[in-house]
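Asker: Sequence first, then the predicted structure:
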Protein chains: 2
Amino acid sequence: MTAPDQPAREGRATIVDVAREAGVSVATVSKVINGRYGVAEATSERVLAVIDDLGYESSLIASSLRRKRTGVIGVLVAEFEPYSAELLKGISYGLAGTGYELLAHAGSTDTHLRSGWERRSLSRLGRTLIDGAIVVTPTMVINDQAGIPVVAVDPHTGPEGPATVDSDNIHGARVAAEHLFSLGHQRIAFLGGRPDLRSAQLREEGFRAAFAARGLTPEAEFMKVAGYDPELAEAPARELLSLPADRRPTAIFAANDISAIRVLRVAEQMGLRVPEDLSVIGYDNVPDAMSSTPPLSTVAQPLQEMGTTALRVLLALLSGQQEVERHVRLPTELVVRASTAPPPA
Amino acid sequence: MTAPDQPAREGRATIVDVAREAGVSVATVSKVINGRYGVAEATSERVLAVIDDLGYESSLIASSLRRKRTGVIGVLVAEFEPYSAELLKGISYGLAGTGYELLAHAGSTDTHLRSGWERRSLSRLGRTLIDGAIVVTPTMVINDQAGIPVVAVDPHTGPEGPATVDSDNIHGARVAAEHLFSLGHQRIAFLGGRPDLRSAQLREEGFRAAFAARGLTPEAEFMKVAGYDPELAEAPARELLSLPADRRPTAIFAANDISAIRVLRVAEQMGLRVPEDLSVIGYDNVPDAMSSTPPLSTVAQPLQEMGTTALRVLLALLSGQQEVERHVRLPTELVVRASTAPPPA
DNA sequence: CTGAAAGCGCTAACAA
DNA sequence: TTGTTAGCGCTTTCAG
């Protein structure tokens, strides 16, 4: 009773403060908090009163360390860009009523380039902080790093690895290419994604399939890599558009929207009009695609639904359900806006 | 050396495994990991090799518990909806090169209705897991709960509380109302936000100011509350639009976009055309406002910039900087799209 | 230069 | 019904 009027000495009250104040042991306080049996009504009430008085909340960290189950689901991303943000919304909406909390983690951006961020995040949070994880666009195989259930969205791996949720990349890319063909384009360039990601490989495959179906092969000169990254898209876009007009592509298919939007900007800087001089189509249908100038034609992935689905699969895994659909593939859809049109005459 | 070929026994390796494998004490391993002085080059290398071999990553939880500084910044939200997602993007972009990690936390949605989620999150994560926090739209006063620096975005409090970042709500709302006036509207209804949030109060104030500037007062019957929540917007919207045509509002200003978008839907269900029969304007300019039918006129807050700014302020606080601008207000901007037009003749 | 030991805040046996 | 005692995985004095 040294200072009853100074509840939280430095910052926040701990369970020890509560115990001291209530005149019981910390174990008893813990029992009260966690609703364990074997605490007298009167004691419980007194403890609860002190807790309320002190504004005590148990430290997630400390209890996680000791417990096996934490009631927290982790969402592991490299960065919060439009793609993962949409996913996150979907996950968050699906969370209502489950009793779980959400902890979305983006590792230090300084190191996220050296792939392996997902393994690192998983190791650092797994088992102790989170009960299960949704990993967004992992670069590498996730092999039960942390001993917790994992669902990968847009995974690196095939069917062997963890549970996955993705969309039909081959079909989506093929449809995009066919859209350009049907507009009359002949010289179509491809700005590929990250070669280490399965989705990028599949989109290229779909792109090539559209050519193959017409007995064609894409020109090697038109197959570029942009790593899903606007910064990396800049140079190849500039290169493509610097070609003489009669050899320049009349359409560019970028493997994701944010790269496509950068292409739009490069084209504008180079004095090319979209879609009159150049058609551009993206992939993902992130919200930004709608507000670009001009609005971007793209292939829509049901991003929020993919998030909700990933959560559903994870919860099933978590509840030890037997019949879990471990690989869910959602459909894609062509969205035609103003960035695609017939090629210049 | 019981099982050298079975590094991670159950899930993940701990510092003890590394120590055993390297033939040193855990203290030494800890020193190596954290780059402390006083470890022989050879020892260090051996430990590093084992770490690499075992794929060891220190548990964020365990180290947080012991350390004071964790290198993690927390973003506390009630839910990941479009508003907080935009903020998060801005925060994430600003994080590059700072060396901090991001942990965004959404408390269990089951309890987030009983206000106080921010206090709870702050207590549970503060001091132990995160070095500082950005709290999005706190309902209540944040009074140094966790003893860590806090920046509130769209805060409840006035200048007395924690550092804040917001936008000019009065001005923004006033501009929205004036836009409607200038189109010729007379019967303008207001769908207010959460009465406990300062931003909602200020938007109402701005709305009234526009009337006052014209020597008018809004009709009491047209002043509704929708709590920034689409679900709560439904009933009052329906009520307003059920009035006989000559007493029905010709324009509705909803205090945030997602409520306004719901109004759009209600209007459609009731057979009213927007903007021919009814003009609707929102607030925030979340990405969704662009893709509604019709695209929503709104007042834009620079959401991502607000996120980046909040991070900047927090980092300044964290670095113990003296001259920190504790209250930053960013400008708003009217965005006219297709949901507003002159009233029916 | 290295290790033993204490302890961060909390939970979970096990005793009392 | 309650308290005592071990830890969870890690960092940090402080001896050796």
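Answerer: Great, that's in hand.
Asker: pretty sure residue A:211 is in contact with residue A:178, am I right?
Answerer: No: taking contacts as CB atoms under 8 Å, residue A:211 lies outside contact range of residue A:178: 9.9 Å. In short, each C-beta sits where N, CA and C put it, glycine included.
Asker: Next, residue A:306: secondary structure please.
Answerer: Of the three states, residue A:306 takes helix under DSSP: H, G, I helix; E, B strand; the rest coil.
Asker: Just want to check the distance between the residue nearest to it when sequence neighbours are not counted and residue A:289.
Answerer: Sequence neighbours aside, residue A:165 is the residue nearest to residue A:306 in space, at 5.3 Å (criterion: CB to CB, 6 or more residues apart in numbering or on different chains). Per CB to CB, to the nearest Å, residue A:165 is found 21 Å from residue A:289.
Asker: Worst mean pLDDT across the helices and strands of chain A, which element?
Answerer: helix A:117-125 (a mean of 87; mean pLDDT, DSSP states H and E).
Asker: for that one, packing partners?
Answerer: Secondary-structure packing of helix A:117-125 (3 or more CB pairs under 8 Å, 6 or more residues apart in numbering or on different chains; DSSP states H and E): strand A:72-77, strand A:101-106, strand A:132-136, helix B:60-66.
Asker: How is chain A partitioned into domains?
Answerer: For chain A, automatic domain parsing gives the domain ranges A:15-67, A:72-166+A:303-330, A:169-301.
Asker: And stretch A:79-96, how far out from the chain middle?
Answerer: How far stretch A:79-96 lies from its chain's middle: 7 Å, per CA atoms, centre = their mean, to the nearest Å.
Asker: Could you do stretch A:67-75 as well?
Answerer: With CA atoms, centre = their mean as the basis, the distance from the averaged C-alpha position of stretch A:67-75 to the chain average is 19 Å.
Asker: wait, does that stretch make contact with DNA strand D?
Answerer: No: using CB under 7 Å from any atom of the strand, no contact is recorded between stretch A:67-75 and DNA strand D, whose separation bottoms out at 8.2 Å.
Asker: residues of that stretch that come out buried?
Answerer: A:70, A:72, A:73, A:74, A:75 (16 or more other CB atoms under 10 Å in any protein chain shown).
Asker: any chance of those residues in a markdown table, with pLDDT too?
Answerer: As requested, the buried residues of stretch A:67-75 are exported to a markdown table (pLDDT from 0 to 100):
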| residue | pLDDT |
| --- | --- |
| A:70 | 89 |
| A:72 | 93 |
| A:73 | 95 |
| A:74 | 96 |
| A:75 | 97 |
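Asker: Which one of these is nearest to residue A:200?
Answerer: Residue A:200 lies nearest to residue A:75 out of the buried residues of stretch A:67-75, by CB to CB, at 21.6 Å.
Asker: for the stretch 151-300 of chain A, what spans make up the helices?
Answerer: A:169-183, A:198-213, A:230-241, A:257-269, A:288-291 (DSSP state H, counting those that start in this stretch).
Asker: can you list the ones you listed in JSON lines and add distance to residue B:281 and mean neighbour count?
Answerer: Compiled in JSON lines, the helices of the stretch 151-300 of chain A are given as follows (distance: least, CB to CB, whole Å; neighbours: other CB atoms under 10 Å in any protein chain shown):
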{"stretch": "helix A:169-183", "distance to residue B:281": "35", "mean neighbour count": "21"}
{"stretch": "helix A:198-213", "distance to residue B:281": "39", "mean neighbour count": "20"}
{"stretch": "helix A:230-241", "distance to residue B:281": "32", "mean neighbour count": "19"}
{"stretch": "helix A:257-269", "distance to residue B:281": "27", "mean neighbour count": "23"}
{"stretch": "helix A:288-291", "distance to residue B:281": "18", "mean neighbour count": "20"}
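Asker: so who does residue A:29 touch?
Answerer: Taking CB atoms under 8 Å, 6 or more residues apart in numbering or on different chains as the definition of contact, the neighbours of residue A:29 are A:15, A:18, A:19, A:22, A:47, A:51.
Asker: The least confident helix or strand of chain A near DNA strand D anywhere?
Answerer: No: taking CB under 7 Å from any atom of the strand as the criterion, helix A:117-125 and DNA strand D are apart, separated by no less than 8.5 Å.
Asker: Quick check: residue A:266 vs residue A:252, distance?
Answerer: Applying CB to CB, one obtains 10 Å for the distance of residue A:266 from residue A:252.
Asker: next one: residue A:306
Answerer: Relative to residue A:252, residue A:306 is positioned 26 Å away (CB to CB).
Asker: Report the mean per-residue pLDDT for stretch A:314-334.
Answerer: Within the predicted structure, the mean pLDDT of stretch A:314-334 is 92.
Asker: Quick check: buried residues in that stretch?
Answerer: Within stretch A:314-334, the residues that count as buried by 16+ other CB under 10 Å are A:314, A:315, A:316, A:317, A:318, A:324, A:327, A:328, A:332, A:334.
Asker: Just flag the most distant two among these.
Answerer: The most widely separated members of the buried residues of stretch A:314-334 are A:318 and A:334, with 35.5 Å between them, by CB to CB.
Asker: What's opposite the residue nearest to residue A:306 in the beta bridge?
Answerer: Bridge pairing for residue A:165 (DSSP bridges) gives the partners residue A:153, residue A:328.
Asker: Please identify which of residue A:306 and residue A:252 sits among more neighbours.
Answerer: Set side by side, residue A:306 and residue A:252 give different neighbour counts by other CB atoms under 10 Å in any protein chain shown, the larger being at residue A:252 (32 against 23).
Asker: How about the contacts made by that one?
Answerer: Under the criterion of CB under 8 Å, 6+ apart, the contact partners of residue A:252 comprise A:188, A:189, A:190, A:191, A:237, A:240, A:260, A:263, A:278, A:279, A:280, A:281.
Asker: How much space separates it from residue A:225?
Answerer: Distance, residue A:252 to residue A:225, by CB to CB: 13 Å.
Asker: before we move on, what about residue A:30?
Answerer: Residue A:30 sits at a distance of 55 Å from residue A:225 (criterion: CB to CB).
Asker: Over to residue A:82?
Answerer: From residue A:82 over to residue A:225 the distance is 21 Å, taken as CB to CB.
Asker: Which one of these two is surrounded by more residues?
Answerer: Neighbours around residue A:82 and residue A:225, counted as other CB under 10 Å, are more numerous at residue A:82. The numbers are 22 against 17.
Asker: Once you drop chain neighbours, what's closest to the more buried one?
Answerer: Counting by CB to CB, 6+ apart, the nearest residue to residue A:82 once its immediate chain neighbours are dropped is residue A:286, at 3.7 Å.
Asker: returning to what we had before: then the least confident helix or strand of chain A to PDB, C-alphas only?
Answerer: As requested, the backbone C-alpha atoms of helix A:117-125 are provided in PDB (Å, rounded to 0.1, in the frame of the first residue of the first chain):
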ATOM      1  CA  TRP A 117      10.400 -12.100 -45.400                       C
ATOM      2  CA  GLU A 118       7.600 -14.500 -45.100                       C
ATOM      3  CA  ARG A 119       9.800 -17.200 -43.400                       C
ATOM      4  CA  ARG A 120      11.100 -14.600 -41.100                       C
ATOM      5  CA  SER A 121       7.700 -13.200 -40.200                       C
ATOM      6  CA  LEU A 122       6.300 -16.600 -39.700                       C
ATOM      7  CA  SER A 123       9.200 -17.600 -37.400                       C
ATOM      8  CA  ARG A 124       9.000 -14.400 -35.400                       C
ATOM      9  CA  LEU A 125       5.300 -14.400 -34.800                       C
END
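Asker: how far out from the middle of the chain is it?
Answerer: Between the mean C-alpha position of helix A:117-125 and that of its chain there is a distance of 15 Å (CA atoms, centre = their mean).
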